[in-house]
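> Next comes the sequence, and after it the predicted model I'd like to discuss.
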Amino acid sequence: MMQINQKLPLISIISATYNCVNKLPKLIDSLRCQTDRNFEWIVSDGASSDGTLDLLKAVNDIKIVFISEKDFGIYDALNKALALSSGEYYLVAGADDCFAVDAISNFRGAIVKHSFPDILPARVLFGPYTFKIKQGPCWLYGEKSFIANHSVATAFKKELHDRYGLYSKNFSIAADSLFVIQACKGQATRCNLDFIAGEIGTDGVSATDWAGSATELFRVQLITGESVITQTLLLVVRIIKGASPFARAAHKVLSRT
């Protein structure tokens, strides 16, 4: 039987899905294996037609809420999932991501131990690599100077969106970067954590569309007050480096660090 301690904060896991029936089982299994069951899984599906909905309907041993309707991309879907969530904190999980068995327990324990900070970044695996916060300035690394990764690795206080807005529909790749940077440059409190929260998949747009990622990061950096000259030079360097097949392969790793 699912045991939930209502005295501690409920965590919502939010996911945006679309035709991913072959990717979801690993994520679902990782949710079923959590040592702490004080969470809910909110799924905003983009009208899948491949069996994804049947798979979600069959999940009856964890708390799940899902909708399926056309959307305007991943961030629109995540905003819909946030609206349905009831947790004080939330984690994002892609369809091909998975959590370590003690992820929810570790996040919830840290939330209480550190007096309910706004953002709690942990570490995350990407294949053989372990990603952590970059030791460098935001003008160079963007949101990665504050968090290791948006998906799986970071718990956010839901109330932050009341202060800094929802995920922007003006970005198809980097709306999470904009939100994280605006919050971290603002009044959001952070507590960095050392544990590994899980593993992120390799099929995300930010890991495959190197040119789009570079361009959107450039826009985000300008919106958040960075120098147009510096960011233009960095964009040119990223485009040149990304033009080679070797660099594109490397970008799949570096874009996650």
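Done, it's in.
> Can you pull the poorly scored residue ranges out of this structure?
Along the chain, the parts satisfying pLDDT under 70 run over 1-8, 203-208, 243-257.
> Spatially nearest residue to the residue nearest to the spatial centre of it, not counting backbone neighbours?
By Cα atoms, centre = their mean, the mean C-alpha position of the chain lies nearest to residue 151, the distance being 2.3 Å. With Cβ to Cβ, 6 or more residues apart in numbering as the criterion, residue 151 has its nearest non-adjacent residue at 4.7 Å, and that residue is residue 92. For the C-beta atoms, the positions are set from N, CA and C on the backbone; glycine is no exception.
> Could you measure from the residue nearest to the centre of the chain over to residue 99?
Noted for residue 151: a distance of 11 Å to residue 99, by Cβ to Cβ, to the nearest Å.
> List the residues that are in contact with both of the two.
residue 93 (Cβ atoms under 8 Å, 6 or more residues apart in numbering).
> was I right about residue 212 contacting residue 218?
No: judged on Cβ atoms under 8 Å, residue 212 makes no contact with residue 218 at a distance of 10.7 Å.
> what residues are shared contacts of these two?
Both residue 212 and residue 218 lack any common contact, where contact means Cβ under 8 Å, 6+ apart.
> Just read off the phi/psi values of the residue nearest to the centre of the chain.
With angles defined as degrees, to the nearest 10, residue 151 sits at phi -90, psi 140.
> which residue ranges form the helices in the stretch 51-200 of the chain?
Taking DSSP state H, counting those that start in this stretch as the test, the helices found in the stretch 51-200 of the chain are 52-57, 74-84, 103-113, 138-141, 160-164, 175-185.
> Which elements pack onto the fifth one?
For helix 160-164, the packing partners by 3 or more Cβ pairs under 8 Å, 6 or more residues apart in numbering; DSSP states H and E come out as helix 175-185.
> Centre of the chain to the helix it packs on, how far?
12 Å (Cα atoms, centre = their mean, to the nearest Å).
> And stretch 226-240, by the same measure?
Worked out by Cα atoms, centre = their mean, stretch 226-240 lies 25 Å from the chain centre.
> cool, stretch 32-45 as well?
For stretch 32-45 - counting by Cα atoms, centre = their mean - the centre lies 15 Å from the chain centre.
> one step back: mean neighbour count and distance to residue 242 added to the helices of the stretch 51-200 of the chain, as CSV?
CSV is the format used below for the helices of the stretch 51-200 of the chain (neighbours: other Cβ atoms under 10 Å; distance: least, Cβ to Cβ, whole Å):
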stretch, mean neighbour count, distance to residue 242
helix 52-57, 16, 32
helix 74-84, 21, 22
helix 103-113, 19, 32
helix 138-141, 16, 16
helix 160-164, 16, 29
helix 175-185, 23, 17
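> For residue 228, find the nearest of those.
helix 138-141 (11.3 Å; Cβ to Cβ).
> Using CSV, write out every CA atom in that closest one.
Only the C-alpha atoms of helix 138-141 are listed here, as CSV (Å, rounded to 0.1, in the frame of the first residue of the first chain):
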residue,chain,number,x,y,z
CYS,A,138,26.5,32.8,-15.7
TRP,A,139,27.6,34.8,-18.7
LEU,A,140,29.7,31.8,-19.8
TYR,A,141,27.7,28.8,-18.7
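> I'd like to know which elements that helix is packed against.
helix 175-185, helix 228-242.
> try 7 Å
The criterion is 3 or more Cβ pairs under 7 Å, 6 or more residues apart in numbering; DSSP states H and E, and there are no helices or strands that helix 138-141 contacts.
> Thanks a lot, catch you later.
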